[in-house]
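Asks: prediction below, plus the sequence it came from.
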Amino acid sequence: MNTLNHIEIDRIIEMAWEDRTTFEAIHFQFGLKEQEVINLMRKEMKPSSFKMWRKRVQGRKTKHEKLRTFEKGRFKCSRQKSISNNSIAKR
């Protein structure tokens, strides 16, 4: 964890807050186990923000690959095809 730069730390925090990004995905990309992510969040966030995050992710099925209901692929918004270059196409 000491070898992470501030950009990587910001990205890990962002991924940890995302509902559908699993701890396994964070481990694959950055080599941090779930407990290490929790420790990083505790260190980098205000205590109130950390408590809110822990309450939010604790027991959340989408944060653990083995508990997810879908096996392959990713969640995809029904409107995703019509979104390009960060703007929604005219309908």
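Replies: All right, it came through fine. Numbering: from 1, shown residues only.
Asks: roughly how far does Met52 sit from Ile13?
Replies: Distance check for Met52 against Ile13: by CB to CB, to the nearest Å, it reads 13 Å. To be clear about C-beta, it is placed using only N, CA and C from the backbone, and glycine gets the same treatment.
Asks: quick one, phi psi at Ile26?
Replies: When read as degrees, to the nearest 10, the backbone of Ile26 gives phi -70, psi -40.
Asks: when Met52 and Ile13 are compared, which one has more neighbours?
Replies: Using other CB atoms under 10 Å, the more surrounded residue of Met52 and Ile13 is Ile13, with 17 against 12.
Asks: show me the helices in this structure, by range?
Replies: Taking DSSP state H as the test, the helices found in the chain are 6-17, 23-30, 34-44, 47-57.
Asks: reformat the ones you listed as CSV; add mean pLDDT.
Replies: CSV is the format used below for the helices of the chain (pLDDT from 0 to 100):
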stretch, mean pLDDT
helix 6-17, 90
helix 23-30, 88
helix 34-44, 93
helix 47-57, 90
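Asks: name the nearest residue to Ala25, ignoring sequence neighbours.
Replies: Closest residue to Ala25 apart from its sequence neighbours, by CB to CB, 6 or more residues apart in numbering: Met15 at 6.9 Å.
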